[in-house]
Structures are given as C-alpha cells and as structure tokens.
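1. Return a 3D structure for these sequence lines:
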Amino acid sequence: SIPLTDSDTVAITVSAVNDTPSINHLNGDSFTYNENTGAQLIDQSTAATVTDADSANFDGGILTVTIASGEDAAEDLLSVNTTNVTLAGSIAGSNVTVGGQVIGTLANAISEGNDFVVNFNVNATTARIQTLVQSVTYSNTDTTNPTVGDRTVRVTVTDGDGGTATSTSADVTITVNPAPKIDLDGSESGVDYTSSGTLQADIESAAGVSIIDTDGTVVDDSVSGGFSSLTIKANDTKTNDQLIIDGTVDRTIALDSTTNIDNQAVTVGAVTYRLDYVAATDTLTITRADAGTITTTQAKAVLDATNYRNIGTFDNVSRTFNITATDTLGSASTLAVATIQLTPTTTQISRTVVASEDTALDFTAGNFVSDAANLQQIRIESLSLTNGGALFVDTDDNGVRDGAEALLSAGDVVSIADINAGKLSY
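-> Model (predicted):
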C-alpha cells in the first residue's frame, strides 16, 4: 500500500487579558478610634502592598476610598497622612505628589462625608500608589460627642487598563469610641468645680473638703462599658496637703511626700481599689484591685469619697486638682479641675499689755491666743498707745527701733514667724 499524508495551517490568535491589580495586607485590618485623637492611618497591621502584573503605571486609573457602612457624613473625614504624600490643596483638582512626582489630582474636595478619590496620571507607578494607600487616614471631626459605632472603610484601585481591584476586597473596620466625661458640678456650666473650706473648721477636719459636688456626674459614652482607671493630679501642693479616701478603712495620701505609694488598697462600698501615687508628679491613679472594670456608679462613689485636707500649714492659696477617667479602650475624659478655695479662720480679740518703763517688751503668740498651734498671723484692727510708746517689728532684733523700722498701725499684719522670733516689740 502507499501511505497518504495531508497537512493544513491553522491561525491561532492570542488575546491579552488585563490582569487585575491587587491590594494586599489591608483587607481585615481594624482599630479603635478614640474621641479627639486626630487623623489615624487605616493601614494598621502589616504594611499594605499594591501589585499589578501587567501595568507599568496606572495612568487613567483611580483610587477610591469610601465609607461603605456606618458613616456619619457630618463628622467622618477621609484624607492622607502628609509624611510621604503631598497635597497641593484640599479642593477638587489639587495635585497629589508622591516621591517628588505628581501622580494625579483630587477628584473631589477633602471634606466630611466625601469619598477620598485620586485620578492617576502616567507617573502613578505601583510603588507610588502603594505609598498613597499606606497613607490613607480616617478622622472624626466631632471632638466632643462623635457618633458611636463601626465604620467600614473600603479601598478600591483601578489600573486604567480596565482592571479593578474590587475583587481583592480591602475593607478596614474602624470602631469610633467617644471619650468618657466627668462633670464635677452638674448645676454649673462647664465641667469644673469650685469649693471653699474654712481652714480649721473644714480643711483640718477629719472629713476635709470634697473634690466633687454632690450633683457631679461621671458618664461613660464609650463602647468599652466602663473605666480602667481614675487619675487625680494635685497642683502646687504645700506642706501637709493630703488627699483622704473615705473607705472602710480611710487612706491618706500625703501630697508633700517624696515617697511613692504602690498598690495600697482601699475599699469604697463593696469594691476594693488599688491606689498608686507618684510623688514626683503628685499624681494618684485609682484602679480596681482585681484589675476589673470600674463602672460609672463606682467611679462616682470613689470621687465622692475623695477629699482634700491640710493639718498645720495654712495659707490663702487655692488648691487645684486635675481629674480624668480613662475607659478600657484607652480613651481619656476631658480634663476636669476641682478648685478648693481656702478661707482662714479669723478671731477678733482685745489684749491689754503692760510694759515696764524703759524696758522693751517682745510679744509672744501666747499674748494673743491660749492655743497658738494654728495661729498664722495677726492683723491690727485698732491700736492705742500712751506715753510715747512704739509698736514695731524689730527686723534686726537689736531691741530698739531703728530708722528703717516703721511704726505699726491699724491694718498692719504681723506673721507668726516674726512673732515666734520675738520681733514684735513695744
């Protein structure tokens, strides 16, 4: 037999398929945004990457960052951190620069409720777009009462060749956490509290003076469900200043001490708390001894139980205390300041003192009061001198009035230090 053969030619056309760009290490990121903390990067874990197998640049492509769910258009703001990205402005058409190259322009204004959109040009390489994606930020412009809850931020990149990164999904969950609030005086505007105490009657008493009014409040608007700590910082402390925690067994914090206090227990109500005091900053931190969460009711009870006291060193200088509460997600309340105005106890007395002729008389505290332990000063309300006598402060303590030592008269004040030094002379 004779073999038979045949052949033919077939044309095969191979059509290029555009590969979809990919966003990696961004999808599934999440973080808590605490009230009034400014712009935060949405790329929170492993640094995001952008790849595209068949595009040298993304000319004609778009970056779109949108809040896909949970948005409050009045306060949610999308933008970029300007460490590695430069914005020529915040309005539509403003240039966006990465690595010294303009890679595109803003498609719309950077404003609450707007998507963050960049239209790319030929300079938009994958490396530069990757830097841009890593720089995207979220912030909440309501710094006092942001809407609580989760926001889902979606990042999408198109490469200008028809490929879209939506299939790779890059969603970031942001939990907005409002800060707790302390109002030390509910009946007054603002959050601060001003009280007063008479020195011997109140400041020196066992109870002292409270740092919060009876109608003060502690509010937890956060998603955390309570507080991790309360902080009380004393300002401009003086000798013998104290904070007293009124518990099952009272605890005294000596504010003039140079010694720290670590893990001192006090029980208020049915809860035991841990007290830690840093002497260098006069700061007292209160946490639960069991490391649990402090409820709003418990926080108010602890502040109600905290009082200022001073035994033995009086002046007319007010004491102030900065008070904050921190929730379990790390958000701190706006600073509330308690001011204790000190009012001296005054007693009007009349004394007649007989001096021997040509003999100087130095007064003592006992000439004015029987118990001089708390005497701070005397004020001369009226003065009647006979036979040419002179009442003065003998500053050089030589027993005679020199020319520079003025005569005392009604209205003048003499300190206990000068009296105890024997310098009040007649």
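
2. all strands for the stretch 251-400 of the chain, in order.
-> For the stretch 251-400 of the chain, strands defined by DSSP state E, counting those that start in this stretch occupy the ranges 251-254, 261-268, 271-278, 283-288, 306-310, 319-327, 336-343, 377-379, 392-393.

3. hey, which of the ones you listed is tucked in deepest?
-> Stretch with highest mean neighbour count among these: strand 306-310 (a mean of 24; mean count of other Cβ atoms under 10 Å). Using the backbone N, CA and C atoms, a C-beta is placed for each residue, glycine as well.

4. how far does that strand sit from the chain's center?
-> Counting by Cα atoms, centre = their mean, to the nearest Å, strand 306-310 is centred 23 Å from the centre of its parent chain.

5. That strand packs against which elements?
-> Under the contact criterion of 3 or more Cβ pairs under 8 Å, 6 or more residues apart in numbering; DSSP states H and E, strand 306-310 touches strand 209-210, strand 241-245.

6. got these as JSON lines, with mean neighbour count columns?
-> Formatted as JSON lines, the helices and strands packed on strand 306-310 follow (neighbours: other Cβ atoms under 10 Å):
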{"stretch": "strand 209-210", "mean neighbour count": "22"}
{"stretch": "strand 241-245", "mean neighbour count": "21"}
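
7. on that earlier part again, can you check which of the strands of the stretch 251-400 of the chain gets nearest to A39?
-> Of all the strands of the stretch 251-400 of the chain, strand 319-327 sits nearest to A39, with 21.0 Å by Cβ to Cβ.

8. now that closest one against strand 336-343, angle please.
-> Here the directions of strand 319-327 and strand 336-343 differ by 160 degrees (axes from the mean of the first three to the mean of the last three Cα atoms, to 10 degrees).

9. Just the C-alpha atoms of strand 319-327, please, in PDB.
-> Taking Å, rounded to 0.1, in the frame of the first residue of the first chain, the C-alpha atoms of strand 319-327 are listed here in PDB:
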ATOM      1  CA  ARG A 319      -5.500  74.200  95.700                       C
ATOM      2  CA  THR A 320      -6.400  72.700  92.300                       C
ATOM      3  CA  PHE A 321      -6.800  69.000  91.200                       C
ATOM      4  CA  ASN A 322      -6.900  67.700  87.600                       C
ATOM      5  CA  ILE A 323      -9.300  64.800  87.400                       C
ATOM      6  CA  THR A 324      -9.600  62.400  84.500                       C
ATOM      7  CA  ALA A 325     -11.200  59.000  83.800                       C
ATOM      8  CA  THR A 326      -9.800  56.600  81.200                       C
ATOM      9  CA  ASP A 327     -12.000  53.900  79.600                       C
END
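
10. which strands and helices sit next to that strand?
-> Other elements packing on strand 319-327 under the criterion 3+ Cβ pairs under 8 Å, 6+ apart are strand 181-183, strand 227-235, strand 336-343.

11. What lies in contact with it?
-> Applying Cβ atoms under 8 Å, 6 or more residues apart in numbering, the contact partners of strand 319-327 are 177, 179-180, 182, 184, 211-212, 218, 220, 222, 224, 226-238, 241, 299, 303, 308, 332-340, 342.

12. Tell me what angle that strand forms with strand 227-235.
-> 160 degrees.

13. mind checking how far strand 319-327 is from the chain centre?
-> With Cα atoms, centre = their mean, you get 9 Å for strand 319-327.

14. and the angle from that strand to strand 283-288?
-> Using the same axes, to 10 degrees, strand 319-327 lies at 40 degrees relative to strand 283-288.

15. Out of the helices and strands packed on strand 306-310, which is closest to Y138?
-> The closest of the helices and strands packed on strand 306-310 to Y138 is strand 241-245. By Cβ to Cβ, the value is 39.9 Å.

16. and the helices and strands packed on strand 319-327 as TSV, adding distance to P146 and mean pLDDT?
-> Converted to TSV, the helices and strands packed on strand 319-327 look like this (distance: least, Cβ to Cβ, whole Å; pLDDT from 0 to 100):
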stretch	distance to P146	mean pLDDT
strand 181-183	13	90
strand 227-235	18	95
strand 336-343	19	84
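
17. Lovely, talk soon.
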